[in-house]
Structure formats: structure tokens, C-alpha cells
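>>> Coordinates for the following, if possible.
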Amino acid sequence: MLQITIPGGEWWDEEKEEFFYTKPATLKLEHSLISISKWESKWHLPFFETEKNDEQIYDYIKCMTLNQEVDDLVYRRIPASEVQRINDYIADPMTATKINSLGNDKKQSGEYITSELIYYWMIAYNVPVEFQKWHINRLIMLIRVCSEKNKPSKKMNARQIAEMNRARNEARKAKYHTRG
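Residues are numbered from 1 along each chain as shown. This next block holds a predicted model:
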């Protein structure tokens, strides 16, 4: 979870042609599957595949907000430094796990990654539904780990088996000081 503070201040209302004052506000944000689901249900676009405009970005920050009843003006007053912190939080992998994959990680099936697809993966790998509150990058890494661990082991060909046996024999000869 990320907590940001938006300072209060004096603002000009162009319609009413008068100044108004706001109090500081604190937002608690969570970049999770739940937040993405809310955003996708409003915009009907795949979150990961969409280049977002300013309105969609601020709306996603609203979807990430855990606080109740936050005034819309608060989101327009978020300082650039806090927007950068939000972007850094969204990009943070939130895990130390690394997966070495031989192929590239681009989508192979031509389908877009949506919240429903991620929920499907959770169901397919028996990931508890409570994990939908995790940081999305951590959840996706867990799903990738499940995928890697569930892949069938690769069978060795005859040459690989012979090479492995030769290495074992050489190690035994060295250990017991024999010639074979």
C-alpha cells in the first residue's frame, strides 16, 4: 500500500470567479487486481494494453484509493512529485523472484491480458481469492511461478544423458583415484 499526502491550499474557481481553500488530504492507494477490475469495468479497455490519457490515469488513481468518500478535487491537486511516487509504486515488482524464461515474455496467443484473464489464472492455479488484494506485479509473478512449476520436465536426449553419465564417471574416478 502507498500513502500520499496532498497539501491544502488556496485555489481559483474560474466559473465562480472566487478563491476557495482546501484542507490537506491523505490517500491510501493499492495497485491490485481489484483496482484494475474497477478501472476496466468503467473504461471497457484492457488495462495493461491501453495507452492512458490524463482522465484515465486520474480515474485509475481513484480506483486504487482505499479511503472512502474522497472529493474529486483532491485528485486534481496531486503534486507531480506524488504522481511520480505513484508511478514508481505501480512499476515496483514487489518481489525478489526472477524467472529465467528462454522465450520472450510477449503475449503468444494474441489475447489481451485483462482482469478476467488474471482471475482465470488464479482459479487455474488454485491461488486464493484473497490474493487479489496483493500488488498486481507480485500477484502476476506468483502466477508465473505457478506456471513454471507446473510445466512438465524437459526430457533429455541420448547425447545429454551420455554427457551427464560421462561427467559422473569422471567425478567418481577422481574421488576414488581410479582409472575406471
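
>>> what packs against the worst-scoring helix or strand of the chain on mean pLDDT?
Taking mean pLDDT, DSSP states H and E as the measure, the chain has strand 9-13 as its least confident helix or strand, at a mean of 83. For strand 9-13, the packing partners by 3 or more C-beta pairs under 8 Å, 6 or more residues apart in numbering; DSSP states H and E come out as strand 18-22. Placement of C-beta: from N, CA and C, glycine included.

>>> Buried residues in the strand it packs on, which are they?
For strand 18-22, the neighbour count (16 or more other C-beta atoms under 10 Å) marks no residue as buried.

>>> Which strands border it, and is each parallel or antiparallel?
Each strand paired with strand 18-22, and its direction, by DSSP bridges: strand 9-13 (antiparallel).

>>> mind listing the strands in the chain by residue range?
In the chain, the segments counted as strands under DSSP state E are 2-6, 9-13, 18-22, 25-29.

>>> Mean pLDDT lowest where, among those strands?
With a mean of 83, strand 9-13 has the lowest mean pLDDT of the strands of the chain.

>>> Chain neighbours aside, what residue packs nearest to C146?
Spatially, and ignoring its direct neighbours in sequence, C146 is nearest to Y125 (3.9 Å; C-beta to C-beta, 6 or more residues apart in numbering).

>>> can you put the strands of the chain in JSON lines and add distance to V83?
Formatted as JSON lines, those follow (distance: least, C-beta to C-beta, whole Å):
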{"stretch": "strand 2-6", "distance to V83": "9"}
{"stretch": "strand 9-13", "distance to V83": "17"}
{"stretch": "strand 18-22", "distance to V83": "18"}
{"stretch": "strand 25-29", "distance to V83": "11"}
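
>>> Please name whichever of those is nearest to D92.
Among the strands of the chain, the nearest to D92 by C-beta to C-beta is strand 2-6 (9.2 Å).
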